[in-house]
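A.B. asks: Okay, predicted coordinates and the sequence, questions at the end:
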Amino acid sequence: MSARIIDGRAVAAKILDKVGRETAQFTQEHGRRPCLATVLVGDDPASHTYVQMKRNRCAEAGMESRYVELPREITTAELVSEITTAELVSEITTLSEDPTVDGILLQHPVPAHIDERAAFEAIAPGKDVDGVTMHSFAAMAFNENGFHSCTPGGILRLLDAYDVSLAGKDVVVVGRSPILGKPVGMLLLARDATVTYCHSRTSNLADHVRNADIVIAAVGHPELIRGEWIKEGAVVVDAGYNPGNVGDVEYSSAAGPARLITPVPGGVGPMTIAVLLEQTLAAAKATVSR
Ligand code: NAP
């Protein structure tokens, strides 16, 4: 193995340390803590874990977290009360209008019967600290001020932390989801990279990857990207997270030709929460300066 490992835990810790110090200062100056509302719908165990992790990080940073779990009551084993899209939109609208809430995170994915896009769009743009609304998406696409989707924003921060130059570089983004693949490509394009998107209908994935100076894996398919496809000296960022702590890249063989590589876990994962908290603090600061 010759690649240098991109230490996402260390980069995230630096960001969180700064967020913690500035949160203490904010609290002292304004007499209240920045507040992130986390909304969880349904009973997916992984989503419960992710929300709990986010709430723990909030507490460590000195932030308030407001937890909204829906539905609040499950009546009997047979009759599970399901929340409707309209009820969820109403809950999120209430948080959007609540002056004591600075940021709102709706844990993704929501159950299949919910219109996720409608729920996301109920988040006020100024509180969209997870960067999931069309407003934030447009801001990223137009390279305007706004919140970044957290994982894409975290990936850019990692590349910057390791001085990876982006202008003129051939970047392949594998995956095109609205919260990860598409926005990370837009952020890279805004930094003058030449971006190619690959997805499930791409016919020659290996050839695209072989040509890339930077590979961003955002699929959710264990070790889909083979080490033998990685160009000598490429930078490999693996956002994938699959059962058993396995990424989307075949790590052991990719680490040979790569110059820099993110591990799974400990690469992209920690950055997502760090950016979430950083953006929550930014939202709180924007609220008090209005
Ligand atoms: P997603 O919504 O399921 O999107 C997956 C994308 O991969 C789609 O665009 C899909 O193409 C593409 N794809 C599927 N099979 C492919 C193949 N064989 N070749 C090329 N592309 C293929 O997933 P997501 O939410 O973006 O998440 C992707 C991964 O990132 C998951 O492992 C997830 O756990 C992880 N993730 C990590 C973090 C973090 O904090 N580290 C945050 C979010 C997500 P189509 O569009 O054609 O279907």
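C.D. replies: Thanks, I have the structure now.
A.B. asks: And stretch 5-21, how far out from the chain middle?
C.D. replies: Stretch 5-21 sits 15 Å away from the centroid of its parent chain (C-alpha atoms, centre = their mean, to the nearest Å).
A.B. asks: List the buried residues for that stretch?
C.D. replies: Going by neighbour count (16 or more other C-beta atoms under 10 Å), the buried part of stretch 5-21 is 5, 6, 7, 8, 11, 12, 15, 16, 19, 20. For every residue, glycine as well, the C-beta is placed using N, CA and C.
A.B. asks: In strands only, show me those.
C.D. replies: Using DSSP state E, the subset of the buried residues of stretch 5-21 located in strands is residue 5.
A.B. asks: Go through the buried residues of stretch 5-21 and say which is closest to the ligand.
C.D. replies: Checking those against the ligand by C-beta to the nearest ligand atom gives residue 8 as the nearest, at 8.8 Å.
A.B. asks: which residues in the protein form strands?
C.D. replies: 4-5, 35-41, 64-70, 103-106, 170-174, 194-198, 214-217, 235-238, 260-261.
A.B. asks: what's in contact with stretch 272-290?
C.D. replies: Stretch 272-290 has contacts (C-beta atoms under 8 Å, 6 or more residues apart in numbering) with 11-12, 15-16, 18-19, 22-23, 26, 30, 34-36, 53-54, 57-58, 61, 63, 99, 102-103, 105, 126-127, 129-131, 147-148, 150-151, 153-154, 157.
A.B. asks: and these near the ligand, which?
C.D. replies: Within the set of these, contact with the ligand (C-beta under 6 Å from any ligand atom) is found for residue 151.
A.B. asks: which of the contacts of stretch 272-290 are buried?
C.D. replies: With neighbours counted using 16+ other C-beta under 10 Å, the contacts of stretch 272-290 contain these buried positions: 11-12, 15-16, 19, 22-23, 26, 34-36, 54, 57-58, 61, 63, 102-103, 105, 126-127, 129-131, 147-148, 150-151, 153-154, 157.
A.B. asks: how about stretch 234-244, does it reach the ligand?
C.D. replies: Yes. Stretch 234-244 reaches the ligand (C-beta under 6 Å from any ligand atom) through 239, 240, 241, 242.
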